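J.: Okay, predicted coordinates and the sequence, questions at the end:
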Amino acid sequence: FKHRQLEFSQIDIIKRDHTILPNKLFQIRIKYRMKYTAIVSLIVSGAAAFSPAPAGNSESKVVLADSKSDLTALADAANPVVKYYDPLSLADADFWGQGTDATIGFLRHAEIKHSRVAMAAFVGYCVQSNYHFPWAQTLAGAPHPAVALGPEAQWDATPANAKWQILTVIGLLEIWDECGGGGSMPHYMRGRQPGKYPTFENFRNEVHFVLDLYDPFGLFKNMKDEQKERRLVMEINNGRLAMLGIFGFLSADKVEGSVPLLKGIAKQYDGDIMAPFSADFTLFGS
């Protein structure tokens, strides 16, 4: 603010002296415009990272490190009993004409992303089934939904504005992922390691400070590659288990007795689990 006040005072001095310098005023005006368009420019700069390749051009096919042989080796490491299992032959598919390697990159990134969401959902379900924040949820002073409601009913009781805020943040994180962090890294179908979320370095440099999602304090920057590979396999296994776990909770709450192990724990829910706002919600009105 002091810096901004200084430059505005410079403008006043120029006006008082009746020696208006167009170039100086133009430079000041452009500086502020650049700051307000920083986010847009960062996103646009990364758009080329995931733009579709021309159809029928074999030279445009992307060769990734994560080929089918790598996928098979990863599957064997993750589960030596089941090993590689692809009944739908998705690893041989060619999504959007981008080639099989790019398709594998897409599928691996999607699985890792959903695994992380499922792990967060599983932990969140357990926590909010037993505890809720003690402070007010809204500016009007309304408290967070009671624990006795159960997670699904708690979401239904959350104000629509709060839901929009949550979904908006998720959408912005998705955009940042798709554009490779403002062009700081390629798209996951264009050579980026599947599951590797871009840092916010460009955002920090151009807009304001924000912590990275992964390793925000740099605790694992010196981790050995062997350990990283081992932790990746652990993450995939934990994520797959979490996906089964969260759907087990939802099934037990919706269909009584569907998960015998959760009998006596599940809280019956009569709403629509797959409706983010309400069963009759539509963006385009009734």
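T.: Great, that's in hand.
J.: can you give me the mean pLDDT across the one helix or strand Trp164 maps to?
T.: According to DSSP states H and E, Trp164 maps onto helix 160-178. For helix 160-178, mean pLDDT rounds to 93.
J.: Centre of the chain to that helix, how far?
T.: The chain centroid and the centroid of helix 160-178 are separated by 8 Å under CA atoms, centre = their mean, to the nearest Å.
J.: name the helices or strands packed onto the very next helix or strand once past that helix?
T.: As assigned by DSSP H and E, the chain's next helix or strand after helix 160-178 is helix 180-183. On a contact count with 3 or more CB pairs under 8 Å, 6 or more residues apart in numbering; DSSP states H and E, helix 180-183 meets helix 38-45, helix 201-206. For the C-beta atoms, the positions are set from N, CA and C on the backbone; glycine is no exception.
J.: Where among those helices is average confidence lowest?
T.: When the helices and strands packed on helix 180-183 are compared by mean pLDDT, helix 38-45 comes last with a mean of 49.
J.: Would you mind stating the distance between Leu261 and Phe249?
T.: Per CB to CB, to the nearest Å, Leu261 is found 11 Å from Phe249.
J.: The two - which one has more neighbours?
T.: Phe249 (22 against 9; other CB atoms under 10 Å).
J.: Tell me if I'm right that that one and Tyr125 touch.
T.: Yes. Assessed by CB atoms under 8 Å, Phe249 is found in contact with Tyr125 at 5.4 Å.
J.: what do the two both touch?
T.: Common neighbours of Phe249 and Tyr125 (criterion: CB atoms under 8 Å, 6 or more residues apart in numbering): Pro151.
J.: List the residues that contact Gly195.
T.: Residues near Gly195 by CB under 8 Å, 6+ apart: 108-109, 112-113, 188, 232, 235.
J.: Quick check: it vs Pro186, distance?
T.: Relative to Pro186, and taking CB to CB, Gly195 is found at 14 Å.
J.: where exactly do the helices run in this protein?
T.: Secondary structure of the chain (DSSP state H): helices at 2-16, 22-36, 38-45, 68-78, 100-128, 151-157, 160-178, 180-183, 201-206, 225-254.
J.: Among the ones you listed, show me which one is buried the most.
T.: Of those, the one with the most neighbours on average (mean count of other CB atoms under 10 Å) is helix 180-183, at a mean of 22.
J.: sorry, back to before: neighbouring contacts of the helix holding Trp164?
T.: With contact meaning CB under 8 Å, 6+ apart, helix 160-178 is reached by 43, 46, 50, 137-138, 155, 182, 187, 197-198, 200, 203, 213, 276-277.
J.: Widest-spaced pair of these?
T.: Longest distance between any two of the contacts of helix 160-178 is 38.5 Å, between Thr138 and His187; criterion CB to CB.
J.: Please identify which of the two sits among more neighbours.
T.: Taking neighbours as other CB under 10 Å, Thr138 and His187 compare with His187 leading, 22 against 12.
J.: shouldn't the more buried one be in contact with Pro194?
T.: No. If you go by CB under 8 Å, His187 and Pro194 don't touch, sitting 10.7 Å apart.
J.: Okay then, goodbye and thanks.
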